[in-house]
Structure formats: structure tokens, C-alpha cells
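S.K.: Whatever this is, show me its structure:
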Amino acid sequence: MEPETYWFEAITRYDGETYKEFAKYHYRHVAPGLPFFLTVVGTMAFSWGIIQLFLEPDSWSVWPCIVGAVFLAIGVNQLLGRFGSNVKDPQDNRIRFFDGRVEYAGRQEQGFYRYDQVVRIRENQRYFFLYVAKNRAIMVDKAGMILGTPDQLRGFLAQKTRPQYR
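M.R.: Numbers count the residues shown, from 1 in each chain. Got it, this is the predicted structure:
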């Protein structure tokens, strides 16, 4: 039996920078609600605490400033992708695109997804993000493509997938 042909192949290093790029993109473009909410509420609470310090210094409470600073820090760190960058064991993943599925293989895990399981395809300048769940994506480094080009892969994915969310 002959091995099945794959049309595109990429090597993506899943390290802190890759996860940071994904988290930054995800929280800015796909799921911006929580980080923006935390940033706005944090700014308002912190500002209110500082205003209260100047208006009523005798009855001032530090709690609005503390809560505001915590919310603000969490929201900003999500928007900057900092929570996604703590990877202890980076690895290279080989991603291959066949007619009916996309396969991934690394040191720790391997598997595949059919194209009808891809719920969203997004990209930035460096990566394609093939979402296979609400918060999970296969990350394809455009510079790591060893078979095909990013433009060709974009066209191929447009033909093979019908993402639920654009």
C-alpha cells in the first residue's frame, strides 16, 4: 500500500514565543471580551480609589486601588499574551495537510483533525491559527513551511474548510 500524499508541510516550534503570539492574537481578535472588561473595570476602580484619596483622605480605603490594579494587570497581561508564554519544554511539531485531514506530530503528542472539525481559521503575519475548539488551535508557522507557500495553503484551506466562525 502506497503512503498517502500530503500537499503542504510545516515545522512549527511550540515554545513560549509561539504561545505568546497565539494568546495575544486570541485575546485581541477572537475573545477580547474578558481582557477588555478587566482592563476597563480595573482602570475605573483604580482611578476611583485615587480620586477618593484626594477628595476624602480621612475615610479613604485602599481596596478600590488594589482591586483595580489587579484587574488592570490581568487584563493587560492577557492582551499582551503574557499568560501564554510560560512553556517549560518547547518542541517542534510537524504539521501535514492531506486531502481529508491535517496531521500534527511532536515529541509528546500526535494526532489529526478532519477539516470539518476546524471551527475557525485566523492568521497574523507569522502564523496560521486553525481553531479546533473555542480556545485551542493548531499553530502553523508560515516561515516554517517546507512544502508549499502560505498563499497556497490559504487557498487550500479555503477550499477544504467551512469554519463555523469567521
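S.K.: CA only for contacts and neighbour counts going forward, please
M.R.: OK.
S.K.: in the protein, which spans are strands?
M.R.: For the chain, the strands defined by DSSP state E cover 8-14, 91-97, 101-105, 110-114, 120-123, 127-133, 136-141, 145-147.
S.K.: Out of these, which gets nearest to Trp48?
M.R.: strand 136-141 (37.0 Å; CA to CA).
S.K.: ok, Asn93 - contacts?
M.R.: Asn93 makes contact with 11-14, 104-107, according to CA atoms under 8 Å, 6 or more residues apart in numbering.
S.K.: Any quick PyMOL command for the buried ones out of those?
M.R.: Here is the PyMOL command that selects the buried residues among the contacts of Asn93 (16 or more other CA atoms under 10 Å):
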select buried, resi 11+12+13+14+104+106
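S.K.: Nearest to Val119, out of the contacts of Asn93: which one, please.
M.R.: The nearest member of those to Val119, counting by CA to CA, is Tyr104 at 17.0 Å.
S.K.: neighbours of the residue nearest to the closest one when sequence neighbours are not counted, just the number please.
M.R.: Leaving aside its sequence neighbours, Tyr104 sits nearest to Ile95 (CA to CA, 6 or more residues apart in numbering; 4.5 Å). For Ile95, the neighbour count with other CA atoms under 10 Å is 25.
S.K.: go on, Thr43?
M.R.: The number of residues packed near Thr43 is 20, by other CA under 10 Å.
S.K.: With Gly100 instead?
M.R.: Gly100: 14 neighbours (other CA under 10 Å).
S.K.: again with Asp92
M.R.: 15.
S.K.: Could you double-check that it sits in contact with Thr12?
M.R.: Yes: counting by CA atoms under 8 Å, Asp92 touches Thr12, with 5.6 Å between them.
S.K.: can you redo the contacts of Asn93 as CSV with pLDDT?
M.R.: What follows is the contacts of Asn93, written out as CSV (pLDDT from 0 to 100):
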residue, pLDDT
Ile11, 96
Thr12, 95
Arg13, 93
Tyr14, 91
Tyr104, 94
Ala105, 94
Gly106, 88
Arg107, 84
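S.K.: wait, which of the contacts of Asn93 is closest to Val70?
M.R.: Nearest to Val70 among the contacts of Asn93, counting by CA to CA, is Tyr14 at 29.2 Å.
S.K.: Identify the bridge partners of that closest one.
M.R.: For Tyr14, the beta-bridge partners under DSSP bridges are Gln91.
S.K.: Next up, the contacts around it.
M.R.: 90-93.
S.K.: Farthest-apart pair in those, please.
M.R.: Maximum distance among these (CA to CA): 9.7 Å, for Pro90 and Asn93.
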